[in-house]
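**Student:** predicted model and sequence follow; I will ask about them next.
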Amino acid sequence: MRSPAANAESRLSLWRQVREYAVPPSMIKDATARRRTGDWAGACAAARVDVDLNLRAVARQHGRQLAAVLRTDLRHLAPDLLRWHLPRVAPDGLLRPALTVSLARYPVSERDGAEPVHLVARTPPAWADAGQRFSLALWTGGRDDNHSPHPHSRPDRRFRLDLHRHLWDVRRADELASRSGVQPVPTADSPAPCWADLRARGYAVRQWAAEADLLLRAEGLTSGSVMVRLGARRRLVLDVAPAAANRSPSIRTARTGRAAPATLPVLPDAATWIPPDLELLRRGLIDVDQLHPLVASALVPGIQPTGSPADPVVAQPMVACGGGWHRIGLVDGVLTPLDHDRAEIHREELLAALTGTPLACLRAIDEAHRNPACLPDVRARLDHGDITGALAAVGALLGPDALLRDGNLRQELENAAQRRLAYGMFRAGLTGHAPPPSVRDWTAKRDCRSHPRHTTLR
């Protein structure tokens, strides 16, 4: 059985990869520029977010007042920041599939029904997650559940951000420091016997009393019990004492078990764990300028933005060829041997066509077209939907005018294009026509894993 420290290291290594690929700097830059001009729909498009709501229809159905509040929230929504904080799953750190996350709740009049209206973010099911897109919609109660193509259209009780607006609302982004424990909230020591073990595993135990009190107040309660999910088969029930005039909320009792009453409020996942960005910073696994700018300014006050990182400089490859070291590089947009004349290159290409052995320089170029060293980087970008970044990495290596040859690189790009069709099918409502599995060889990467596909990183 792995130790808590080993589990924490594995979790942080996955989050480090997520921070590298999931929200590229170009997306943050484009979405921020459009949001600052008031173009919230354009910001969503830049962050690969589909908008499934109409403000005019909202005004007709629920009134102009609710529509005005919703419009204000959308203008202050940072979709790139929301993507940054959405729940993810192992082993690749992709968005947790088939999830409906509540971002905000709006009270409605009695004639509209008893349940409040929710602004929600929805991720597609796993079979349609190519491109890593998600959508914004309005959930108006149980009557929507039977008409939505989404497999779980009702807001999830565990994965919710309506009590954590600082994870998507730019007006409250600075609250991340106090809500994550950078600015400690004084609470009484917990009686839970597993407290030290939970801290080692990355649980935000010091924040639970305050977060549980906030959850209870949102449910219209001043005290009571809250359930914390500690894994697939373990639950922790906290009995919370409310805040008094000169006392912060505290936990009176805590008990663990394999189950808990289904009626108990569930502590949101965003409040259960220490934010991964904070842990990565504390352990030196990430630099401040690698964080989302809004996250960096909240966790490290006074930081000066450094702008978008410069494009990586591709080193000129050197190949052992003909008893010496030869160069290969880009000429007229194509990867070419630099130390061989055209006649020699043409002769060697004819030799290769006749099943002969070409020069080492030509073999290196052929290998770069079929199975380059940067293939894991390209694959990670494609998995996270960063098509632009993947093509830029290929272009930097092979040149913008290169013609791809049969091999792993071409297969990855073709698979990515084919998988994107599945998302279009899902958006069109063809949920019963899931495509066959990808032709990619997943044996080394996915079939030999110790956790299921939906294991959470948080």
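**Tutor:** On my side now, so go ahead. Numbering: from 1, shown residues only.
**Student:** now for this protein, the helix or strand with the poorest mean pLDDT.
**Tutor:** Within the chain, no helix or strand scores below strand 250-257, which has a mean of 74 by mean pLDDT, DSSP states H and E.
**Student:** list the helices and strands it packs on?
**Tutor:** Contact here means 3 or more CB pairs under 8 Å, 6 or more residues apart in numbering; DSSP states H and E; on that basis strand 250-257 packs against helix 208-218, strand 234-241. In short, each C-beta sits where N, CA and C put it, glycine included.
**Student:** neighbours of Ala57, how many?
**Tutor:** Neighbours of Ala57 under the rule other CB atoms under 10 Å: 11.
**Student:** check which helices and strands the helix or strand hosting it sits against.
**Tutor:** Take DSSP states H and E as the rule and Ala57 turns out to sit in helix 55-62. Here helix 55-62 touches helix 64-75, going by 3+ CB pairs under 8 Å, 6+ apart.
**Student:** give me the mean pLDDT for the helix it packs on.
**Tutor:** Helix 64-75 shows a mean pLDDT of 97.
**Student:** what residues does the helix or strand just after that helix touch?
**Tutor:** Where DSSP H and E defines the elements, the next helix or strand beyond helix 64-75 is helix 79-85. For helix 79-85, contacts defined as CB atoms under 8 Å, 6 or more residues apart in numbering pick out 22-23, 27-28, 31-32, 35, 43-44, 46-49, 103, 121, 134, 136, 161, 167-168, 170, 173, 270, 292, 294-295.
**Student:** switch to 6 Å and redo it
**Tutor:** 23, 27-28, 31, 43-44, 47, 49, 167-168, 292, 294 (CB atoms under 6 Å, 6 or more residues apart in numbering).
**Student:** how about stretch 383-392?
**Tutor:** Residues outside stretch 383-392 that contact it (CB under 6 Å, 6+ apart): 21-22, 24, 92, 131-132, 378, 381-382.
**Student:** okay, buried residues for it please.
**Tutor:** Residues 383-387, 389-390, 392 are the ones in stretch 383-392 that count as buried (16 or more other CB atoms under 10 Å).
**Student:** of those, closest to Leu278?
**Tutor:** His384 (22.0 Å; CB to CB).
**Student:** separation between that closest one and Arg48?
**Tutor:** Here the criterion is CB to CB, to the nearest Å. By it, His384 lies 10 Å from Arg48.
**Student:** do the same with Glu9
**Tutor:** Taken as CB to CB, the span from Glu9 to Arg48 is 30 Å.
**Student:** who has more neighbours, those two?
**Tutor:** Arg48 (19 against 14).
**Student:** let me see the confidence value for Arg154.
**Tutor:** pLDDT, Arg154: 91.
**Student:** can you name the residues bridging to Val101?
**Tutor:** For Val101, the beta-bridge partners are Ala121 (DSSP bridges).
**Student:** tell me which residues touch it, please.
**Tutor:** Per CB under 6 Å, 6+ apart, neighbours of Val101: 121, 159, 161.
**Student:** switch the cut-off to 7 Å
**Tutor:** 86, 120-121, 156, 159-161 (CB atoms under 7 Å, 6 or more residues apart in numbering).
**Student:** in ChimeraX, select just the buried ones from the contacts of stretch 383-392.
**Tutor:** To isolate the buried ones among the contacts of stretch 383-392 in ChimeraX, judged by 16+ other CB under 10 Å, type:
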select :21,22,24,92,131,132,378,381,382
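**Student:** a markdown table please, covering the contacts of stretch 383-392 and showing secondary structure.
**Tutor:** Formatted as a markdown table, those follow (DSSP: H, G, I helix; E, B strand; the rest coil):
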| residue | secondary structure |
| --- | --- |
| Tyr21 | helix |
| Ala22 | coil |
| Pro24 | coil |
| Asp92 | coil |
| Gly131 | coil |
| Gln132 | coil |
| Val378 | helix |
| Arg381 | helix |
| Leu382 | helix |
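**Student:** would CSV of the contacts of stretch 383-392 with distance to Leu55 be doable?
**Tutor:** CSV is the format used below for these (distance: CB to CB, whole Å):
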residue, distance to Leu55
Tyr21, 33
Ala22, 29
Pro24, 29
Asp92, 36
Gly131, 26
Gln132, 26
Val378, 39
Arg381, 34
Leu382, 34
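**Student:** how about the helices in the stretch 351-458 of the chain?
**Tutor:** 360-370, 375-383, 387-398, 408-427 (DSSP state H, counting those that start in this stretch).
**Student:** and those helices as a markdown table, adding distance to Ala78 and mean pLDDT?
**Tutor:** A markdown table is the format used below for the helices of the stretch 351-458 of the chain (distance: least, CB to CB, whole Å; pLDDT from 0 to 100):
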| stretch | distance to Ala78 | mean pLDDT |
| --- | --- | --- |
| helix 360-370 | 38 | 91 |
| helix 375-383 | 22 | 96 |
| helix 387-398 | 20 | 93 |
| helix 408-427 | 23 | 92 |
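**Student:** Leu66: which of the ones you listed is closest?
**Tutor:** In terms of CB to CB, the element of the helices of the stretch 351-458 of the chain nearest to Leu66 is helix 408-427, at 26.2 Å.
**Student:** buried residues of the closest one, list them for me.
**Tutor:** For helix 408-427, by 16+ other CB under 10 Å, it's 409-413, 415-416, 419-420, 422-423, 425-427.
**Student:** ok, which stretches of the stretch 201-350 of the chain are helices?
**Tutor:** Counting by DSSP H, counting those that start in this stretch, the helices of the stretch 201-350 of the chain are 208-218, 269-272, 276-282, 293-299, 342-353.
**Student:** what mean pLDDT does the third one get?
**Tutor:** Pointing back at helix 276-282 there. 95.
**Student:** with the shortest one instead?
**Tutor:** Averaging pLDDT along helix 269-272 yields 96.
**Student:** ok, now the last one?
**Tutor:** Taken as a whole, helix 342-353 has an average pLDDT of 83.
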